[in-house]
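Student: quick one: sequence and predicted model below, then my questions.
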Amino acid sequence: MNAVETISLTKFYGKARGITDINLTVPEGDFFGFIGPNGAGKSTTIRILTGLISQTGGTAEVFGKDIRSKRTEILADIGYMPSEANFYHGMRVGEVIKYSARLRNRDCTHEAERLCERLDLDISRKISELSLGNRKKVSIVCALQHSPKICILDEPTSGLDPLMQREFYAILEERNKQGATIFLSSHILSEIQKYCKRAAVIREGRLLFCDLVENLVHSNAKKVALSGISELPKLGGIANVETDGDIIKFLYSGEMHELMNMLAALPITDVSITEPDLEEIFMHYYTESK
């Protein structure tokens, strides 16, 4: 069964574009990354999947259930963490966490205590006293304490220090090994490459591509660095050219023999051809789509 499936999912805010014809499939048990710049449509897609807003067109299903007609059933299986960590300022951390559990008619005391300990979260403090990072921790506990079948997390690590980010991902990996589906929206591509199995890239409300992260990184594109020349001749397949001192770097996705012929004709003093990382692949597709 697929944890998430959308067909031609579309959302307009009046005449303004939200998302257009999103066809997305996330298998159950996946650790999935949803990548895109600000305003690309990540949060709009997530808010439809969590029933916060309704789509203009198309369909969205979570575990085979339509989000419009089966919203209450679906929400029982979802742990949602929005990008903004906003709570009632006058409440204490422990009160917010218990309130979140009561909304689900669940006793989550044991798991909440375990998460608070791992995240070093003081439940006696008032929300108004917390930093952004600590409010994020509260949001994590509220999203995960009921052990949901799918965790939908929108930019979850912004505000967390590096140690807490590592602990947060350790928790997610444990949940994933136990069978939970992780749907993670992020613009931090190193996180996606390190933790996710599959990923999709969205830009201006449309999906650019979706594949295994391993396949995306080991794509046909190569990262090339040349020394000894001041400019590159024209050749199809070259993108994202950068100059760093006397080194010219670029991504190449054309025929390899054409690249070799070009290099043989140039007075280069050094050359490096390696696999690009996910950020470079993302920028390559992003620039190409423009």
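Tutor: Sure thing, it's come through.

Student: what about the stretch 1-150 of the chain, any weak spots by pLDDT?
Tutor: For the stretch 1-150 of the chain, not a single residue meets the criterion pLDDT under 70.

Student: for the stretch 101-250 of the chain, what spans make up the strands?
Tutor: 150-154, 181-186, 198-203, 206-212, 222-227, 238-244, 247-252 (DSSP state E, counting those that start in this stretch).

Student: which elements pack onto the shortest one?
Tutor: Translated: strand 150-154. Secondary-structure packing of strand 150-154 (3 or more C-beta pairs under 8 Å, 6 or more residues apart in numbering; DSSP states H and E): helix 42-49, strand 78-81, helix 132-144, helix 162-177, strand 181-186. No exception for glycine: its C-beta is placed from N, CA and C like everyone else's.

Student: possible to save these as a markdown table with distance to residue 271 and mean neighbour count?
Tutor: Output for these, formatted as a markdown table (distance: least, C-beta to C-beta, whole Å; neighbours: other C-beta atoms under 10 Å):
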| stretch | distance to residue 271 | mean neighbour count |
| --- | --- | --- |
| helix 42-49 | 38 | 24 |
| strand 78-81 | 45 | 21 |
| helix 132-144 | 44 | 22 |
| helix 162-177 | 35 | 15 |
| strand 181-186 | 34 | 24 |
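
Student: I'd like the ones you listed laid out as JSON lines, including distance to residue 111.
Tutor: Listed next are the helices and strands packed on strand 150-154 as JSON lines, based on distance: least, C-beta to C-beta, whole Å:
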{"stretch": "helix 42-49", "distance to residue 111": "23"}
{"stretch": "strand 78-81", "distance to residue 111": "11"}
{"stretch": "helix 132-144", "distance to residue 111": "8"}
{"stretch": "helix 162-177", "distance to residue 111": "11"}
{"stretch": "strand 181-186", "distance to residue 111": "17"}
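
Student: wait, residue 62 touches residue 150, no?
Tutor: Yes - under the criterion of C-beta atoms under 8 Å, residue 62 makes contact with residue 150 at 6.7 Å.

Student: what touches both of the two?
Tutor: 3-4, 77-78 (C-beta atoms under 8 Å, 6 or more residues apart in numbering).

Student: what bridges to residue 6?
Tutor: Counting by DSSP bridges, residue 6 forms beta bridges with residue 24, residue 60.

Student: repeat that for residue 206.
Tutor: Under the criterion used (DSSP bridges), residue 206 bridges to residue 203.

Student: how close does residue 234 get to residue 258?
Tutor: 12 Å (C-beta to C-beta, to the nearest Å).

Student: more crowded one of these two?
Tutor: Per other C-beta atoms under 10 Å, whichever of residue 234 and residue 258 has more neighbours is residue 258, with 13 against 6.

Student: can I assume that one is in contact with residue 235?
Tutor: Yes - between residue 258 and residue 235 there is a contact at 6.5 Å, judged by C-beta under 8 Å.

Student: neighbour count winner among residue 62 and residue 150?
Tutor: Neighbour tally, residue 62 and residue 150, criterion other C-beta under 10 Å: the higher count belongs to residue 62, 28 against 24.

Student: so which residue is dead centre in the chain?
Tutor: Nearest residue to the geometric centre of the chain (C-alpha atoms, centre = their mean): residue 185, 2.7 Å.

Student: who's in contact with that residue?
Tutor: 33-36, 42-43, 46, 83, 153-155.

Student: let's have those residues in a markdown table, adding distance to residue 8.
Tutor: Shown next, in a markdown table, are the contacts of residue 185 (distance: C-beta to C-beta, whole Å):
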| residue | distance to residue 8 |
| --- | --- |
| 33 | 22 |
| 34 | 18 |
| 35 | 21 |
| 36 | 19 |
| 42 | 18 |
| 43 | 19 |
| 46 | 18 |
| 83 | 25 |
| 153 | 25 |
| 154 | 22 |
| 155 | 26 |
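
Student: which member of the residues you listed is positioned nearest residue 114?
Tutor: residue 153 (18.6 Å; C-beta to C-beta).

Student: kindly provide the distance from that closest one to residue 228.
Tutor: Counting by C-beta to C-beta, the gap from residue 153 to residue 228 is 46 Å.

Student: neighbour-wise, which of the two wins?
Tutor: residue 153 (24 against 13).

Student: could you give the bridge partners of that one?
Tutor: Going by DSSP bridges, residue 153 forms beta bridges with residue 81, residue 184.

Student: in contact with it, which residues?
Tutor: By C-beta under 8 Å, 6+ apart, the contact list for residue 153 reads 80-81, 143, 172, 182-185.

Student: also residue 182?
Tutor: 30-32, 150-151, 153, 172, 175-176, 196.
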